[in-house]
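>>> Sequence first, predicted coordinates after that:
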Amino acid sequence: MSGLTYWIIGTIAGLIGLAGLFVASAATSGSVTYWLGLVVFAVAVGFEFGLIRRWFDRQIPTDRSPLVEAD
């Protein structure tokens, strides 16, 4: 995926998480919609962290050999 794709997907996930918070704020305390909104927000935040992890994993080379080899 290109960098722009990460930004677009991240923006959509952020908007879905924000919508989850709005649903939770409009619900009565302890109702199903309250917890559903919080779960949607938590999943969106987790997804955002996953996008960040994948971006940095792509930037760092996977070869973990030491810079100086031991004799």
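Noted; the coordinates are in hand.
>>> Convert the C-alpha atoms of stretch 46-63 to CSV, please.
What follows is stretch 46-63, C-alpha atoms only, in CSV (Å, rounded to 0.1, in the frame of the first residue of the first chain):
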residue,chain,number,x,y,z
GLY,A,46,-6.6,-0.4,17.8
PHE,A,47,-6.8,-0.3,14.0
GLU,A,48,-5.1,3.0,13.9
PHE,A,49,-2.2,1.7,16.0
GLY,A,50,-2.1,-1.3,13.7
LEU,A,51,-1.7,1.0,10.7
ILE,A,52,1.1,2.9,12.4
ARG,A,53,2.8,-0.4,13.3
ARG,A,54,2.6,-1.6,9.7
TRP,A,55,3.9,1.7,8.3
PHE,A,56,7.0,1.5,10.6
ASP,A,57,7.5,-2.2,9.9
ARG,A,58,7.6,-1.4,6.2
GLN,A,59,10.2,1.4,6.8
ILE,A,60,12.6,-0.6,8.9
PRO,A,61,14.6,-3.3,7.0
THR,A,62,13.8,-6.8,8.0
ASP,A,63,17.4,-7.9,8.0
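>>> how far away is residue 17 from residue 42?
Remark: distance between residue 17 and residue 42 (Cβ to Cβ, to the nearest Å) = 8 Å. Every C-beta, even on glycine, is put in place using the N, C-alpha and C of the backbone.
>>> name the helices or strands packed onto the one helix or strand residue 53 maps to?
Per DSSP states H and E: residue 53 is located in helix 32-59. Counting contacts by 3 or more Cβ pairs under 8 Å, 6 or more residues apart in numbering; DSSP states H and E, helix 32-59 packs against helix 3-26.
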